[in-house]
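Asks: below: sequence and its predicted model.
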Amino acid sequence: MIENNIPKSVKNICCIGAGYVGGPTMAVIADRCPSVKVTVVDINKERIDNWNSNDLSRLPVFEPGLDKIIERVRNKNLFFSTCVGQKISEADLIFISVNTPTKTKGIGAGQASDLRWVESCARNVAEFAKGFTIVVEKSTLPVRTASVIKSILSSTTSNSEKKNFAILSNPEFLAEGTAVNDLEKPDRVLIGGEDHQAINLLEEIYLNWVPSNKIIKTNLWSSELSKLVANAFLAQRISSVNSISALSEATGADVREVSRAIGLDTRIGEKFLNAGPGFGGSCFKKDILNLVYLCNYFGLHEVAEYWNQVIFLNNWHQERIYKLIVKKLFGTIIGKKITILGFAFKANTNDTRESPAISLCNNLLEEGAILSIHDPKVSKEQIKKDLPKFSYDMEKLNTSGTWHFSGNIMDSVKGADAVLLITEWDEYKDIDWKAISCYMRKPAWVFDTRSILPRELIRKTGLNLWTIGDGYYQN
Ligand code: NAD
Ligand code: UGA
């Protein structure tokens, strides 16, 4: 239990993990709480060096608006450091914001979360923390992880130095690409815990910019579970609308019109109803797998199977798009050049984790295509890591089953048989299709998996166009 060494307010925050969540979240906290010192620590030196770089284009995370905040607060009350132990010892509140990927080996492999990084944080906190420390789960975790953290912390507090801990759950709901806006104007902030003084101290931080009616307090387990369920519901919506895109194509309907028609029902709501190439990102799949694992663990096999279908549909949908491309290109793509527009899992991020581009490109390369890949923010080095089975063709010699990176859309479509749009970057909305059509080998195809390209304009140029969920032109 907490003793009377509890501080009146939080003055010193340490966040363990300088990734997509830790970096932007702490930047916004520092910006909104000038009297609080915030330090983000990480074991990855390169990442910390990049957060500290004067060249803001080297920040490890690309988020619209983030560079401006970093410029304002870095080295004032926001710091990035690799001195994990020292910064833990100085903090009165610690966010654990490290990666929690799916286990690849052992019990629960392929489903359960790998908690080794969280455990190692808990051990570090147990060793280095001083006095009373609030430990906050920011990472997305399986339900009841707080009890694991609690037992690690309590087993190491029996030494001569007095240490007390309060453990809270405060999951993050930001989406990449809109992280700054999501953090500055959250739909809600969720705090789960038992220790009311600690909850109030964390709440005070958020009250600097979040209205009190948006701060929800629950018990620890509800908070941990709510995060998994929020992601599962969002992903379920994407699988639902993608399933209807296939039916729209088969029946002559247009999924965009269907989405609009159902979305205007306020009970359904209009957000998150865009059919696409299948959901990507580091969290939807891993969090649903985690939910499935938990359901099975508690003997709720039917519930587990229900949620598993969301992932099954997503995989099927990506496979469906790839097969459809091969079919439209006369059943063979060996030696055919396909331009890939967008490699990030969504627009306005440089993140490629679980991007649908990875499975689509892998399948197309496996079939023998030559890919020319363009993305405004993803680097060639990152794509090399994501497509390890296939050679990067530096000379652009156009060997079957190879790919090259293109910084220029016009260059990348020269002699191409098809353009495949995967990420909905704004700059793809204003392409000069007349010029592109002249460069491509006929008959040429445009595959728009996001339904963002001008349909009539493209058709007028003589290009064949397939748009996700548009059955009108396919019947
Ligand atoms: P990330 O991989 O970008 O960053 C995690 C960082 O933690 C890495 O830089 C890693 O080096 C560091 N780290 C790991 N162990 C460490 C240790 N013991 N000490 C110091 N640093 C350590 O991950 P992320 O995308 O920021 O996600 C973090 C958590 O937040 C995950 O649980 C994720 O599910 C959750 N989440 C992510 C998002 C998102 O949009 N990416 C949104 C909401 C929640
Ligand atoms: C998602 C959630 O939206 C966040 O609330 C959550 O905090 C985060 O996961 C997390 O826990 O990591 P994120 O994955 O960054 O955020 O991005 P989303 O906007 O949710 O998009 C996820 C995927 O769904 C993307 O591939 C996106 O292109 C796709 N999507 C989204 C669609 O295909 N259609 C839509 O209408 C919306």
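Replies: Cool, got the structure. Residues are numbered from 1 along each chain as shown. Ligands and ions are numbered 1, 2, ... in the order given.
Asks: quick check: next helix or strand after the strand or helix carrying Glu456?
Replies: Element membership for Glu456, per DSSP states H and E: helix 455-460. Sequence-wise, the next helix or strand downstream of helix 455-460 (DSSP H and E) is strand 464-467.
Asks: rewinding a little: I'd like the distance from the helix holding Glu456 to the chain centre, please.
Replies: Between the mean C-alpha location of helix 455-460 and the chain-wide mean there is a distance of 33 Å, by Cα atoms, centre = their mean, to the nearest Å.
Asks: contacts for stretch 112-129 next, please.
Replies: 16-17, 84-86, 88-89, 91, 94, 96, 98-104, 133, 135, 137, 139, 141-142, 145, 148-149, 152-153, 155-157, 163, 165, 286, 289-290, 293 (Cβ atoms under 8 Å, 6 or more residues apart in numbering). Bear in mind the C-beta positions are built from the backbone N, C-alpha and C, glycine included.
Asks: so which of those sit within helices?
Replies: 84-86, 88-89, 145, 148-149, 152-153, 155, 286, 289-290, 293 (DSSP state H).
Asks: if we can go back for a sec, return the set of buried residues in the helix holding Glu456.
Replies: Within helix 455-460, the residues that qualify as buried are Arg455, Ile458, counting by 16 or more other Cβ atoms under 10 Å.
Asks: I'd like to know which of the ones in helices among the contacts of stretch 112-129 are buried.
Replies: Using 16+ other Cβ under 10 Å, the buried ones in those are Val84, Ile88, Ser89, Thr145, Val148, Ile149, Ile152, Leu153, Lys286, Leu289, Asn290, Tyr293.
Asks: so who does the fifth one touch?
Replies: Counting by Cβ under 8 Å, 6+ apart, Val148 touches Leu115, Val118, Glu119, Ala122.
Asks: so how many other residues sit close to the third one?
Replies: Pointing back at Glu119 there. Neighbour count for Glu119, taken as other Cβ atoms under 10 Å: 15.
Asks: and what of the last one?
Replies: Applying the criterion other Cβ under 10 Å, we find 25 residues in the vicinity of Ala122.
Asks: then the first one?
Replies: Leu115 is surrounded by 20 other residues when neighbours are defined as other Cβ under 10 Å.
Asks: likewise the second one?
Replies: Under the neighbour criterion other Cβ under 10 Å, Val118 is assigned a count of 25.
Asks: how far away is it from Asn99?
Replies: Per Cβ to Cβ, to the nearest Å, Val118 is found 9 Å from Asn99.
Asks: determine the residues that are contacts of both of those two.
Replies: Common neighbours of Val118 and Asn99, using Cβ under 8 Å, 6+ apart, are Ser139.
Asks: just the ones in helices among the contacts of stretch 112-129: which has the poorest pLDDT?
Replies: Among these, Ser155 has the lowest pLDDT, at 84.
Asks: what's the pLDDT at the nearest residue to that one once chain neighbours are set aside?
Replies: Sequence neighbours aside, Ala126 is the residue nearest to Ser155 in space, at 7.6 Å (criterion: Cβ to Cβ, 6 or more residues apart in numbering). Here the pLDDT value assigned to Ala126 is 96.
Asks: Ala126: neighbouring residues, count only.
Replies: If you count neighbours by other Cβ under 10 Å, Ala126 ends up with 21.
Asks: Glu90 too?
Replies: If you count neighbours by other Cβ under 10 Å, Glu90 ends up with 17.
Asks: ok, now how distant is the nearest residue to it once chain neighbours are set aside from ligand 1?
Replies: Leaving aside its sequence neighbours, Glu90 sits nearest to Asn12 (Cβ to Cβ, 6+ apart; 5.5 Å). Separation of Asn12 from ligand 1 (Cβ to the nearest ligand atom, to the nearest Å) stands at 17 Å.
Asks: give me the beta-bridge partners of Asn12?
Replies: For Asn12, the beta-bridge partners under DSSP bridges are Lys37.
Asks: roughly how far does it sit from ligand 2?
Replies: 26 Å.
Asks: contacts only, for that residue.
Replies: Val36, Lys37, Thr39, Glu90, Ala91, Asp92, Leu93.
Asks: near ligand 1, which residues of this structure?
Replies: 16-22, 41-44, 47, 84, 97-100, 117, 120-121, 139-140, 172, 174, 176, 282-283 (Cβ under 6 Å from any ligand atom).
Asks: give me the subset of those residues touching ligand 2.
Replies: Thr140, Glu172, Leu174, Glu176, Cys283.
Asks: can you redo the residues you listed as JSON lines with secondary structure?
Replies: Output for these, formatted as JSON lines (DSSP: H, G, I helix; E, B strand; the rest coil):
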{"residue": "Thr140", "secondary structure": "coil"}
{"residue": "Glu172", "secondary structure": "coil"}
{"residue": "Leu174", "secondary structure": "coil"}
{"residue": "Glu176", "secondary structure": "coil"}
{"residue": "Cys283", "secondary structure": "coil"}
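Asks: most widely separated two among those?
Replies: Across those, no pair lies farther apart than Thr140 and Glu176, at 13.7 Å, counting by Cβ to Cβ.
Asks: where's the closest residue to ligand 1 within the stretch 301-450 of the chain, which helix or strand?
Replies: Here the stretch 301-450 of the chain gets closest to ligand 1 at one residue, Asp351, 7.0 Å apart by Cβ to the nearest ligand atom. For Asp351, there is no host helix or strand (DSSP H and E).
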